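> Got a predicted model here, sequence first, then my questions.
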Amino acid sequence: MNSNEAITLTRDVEGTMVPAGTKVTLQQGERAFITQSLGGSYTVVVNGNMFRLEAKDADALGLAVAAKPIATTGTLGTVVDIEQEAWVQMRTCFDPEIPVNIVDLGLVYDCHFAPLGAPDRFKVDVKMTLTAPGCGMGAAISKDVETKLLTIDGIDEANVAVIFEPQWNQGMMSDAAKLQLAGCRT
């Protein structure tokens, strides 16, 4: 959902400035333009600056707040099932400036599972990067990944580390991502 029309904020709302990553409060009555609404968050432009708003704050944009994601149920029994679901969940995470998920962008370098005591309980460690080392959105994006992984039945602990070796480049994107971004430029 992109909006060419201004939306008046219905209440004060905390946003994260893109790409700095600084938390700010946007004021009720300010005019916002939605530039991206993917993965449950919103990227808006207010007074010429870009901000990311969380799904829980959709009402500030005059939109319905989506229900919290429901954790998967007992259908996931093996580490293979859980790992598959982890990749599905990570594909719902987006850089607020790029309309392609972080997996297809090639930002997720590693996803490793380790058992936690009980046979069907796991810890997952993810290593990911950002498109630019100076991007301040690392904390917001990695928190999004962690939150979504923890909705999966069987994952009790999720650790997401942002690393910069190897440095990301466009060659790491999937072919689908390259095509999608090429279509955005036309």
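Right, received. Where do you want to start?
> my read is residue 89 is in a helix, agree?
Yes: checked against DSSP: H, G, I helix; E, B strand; the rest coil, residue 89 lies within a helix.
> Tell me how far it lies from residue 110.
Separation of residue 89 from residue 110 (C-beta to C-beta, to the nearest Å): 16 Å. (C-beta placed from N, C-alpha, C; glycine too.)
> Between the two, tell me which one has more neighbours.
residue 89 (23 against 10; other C-beta atoms under 10 Å).
> so where is this structure shaky, pLDDT-wise?
Applying pLDDT under 70 to the chain picks out residues 1-3, 67-77, 185-186.
> Now do the helices in it.
79-90, 138-149, 175-185 (DSSP state H).
> okay, the ones you listed, which one's buried deepest?
helix 138-149 (a mean of 20; mean count of other C-beta atoms under 10 Å).
> how about the residue sitting nearest the centre point of the chain, what does it touch?
For the chain, the residue nearest the mean C-alpha position is residue 93 (3.0 Å; C-alpha atoms, centre = their mean). Taking C-beta atoms under 8 Å, 6 or more residues apart in numbering, we find residue 93 in contact with 39, 101-103, 141, 144-145, 148.
> could those residues be laid out in TSV, adding distance to residue 83?
Compiled in TSV, those are given as follows (distance: C-beta to C-beta, whole Å):
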residue	distance to residue 83
39	20
101	17
102	16
103	13
141	20
144	19
145	14
148	14
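> Which residue comes closest to residue 139 once chain neighbours are left out?
residue 21 (6.1 Å; C-beta to C-beta, 6 or more residues apart in numbering).
> Show me the domain layout of this protein.
7-61, 79-185 (automatic domain parsing).
> List the neighbouring strands of the longest strand along the chain plus their orientation.
In the chain, ranked by residue count with DSSP state E as the criterion, the top strand is strand 118-128. Each strand paired with strand 118-128, and its direction, by DSSP bridges: strand 108-116 (antiparallel), strand 155-162 (parallel).
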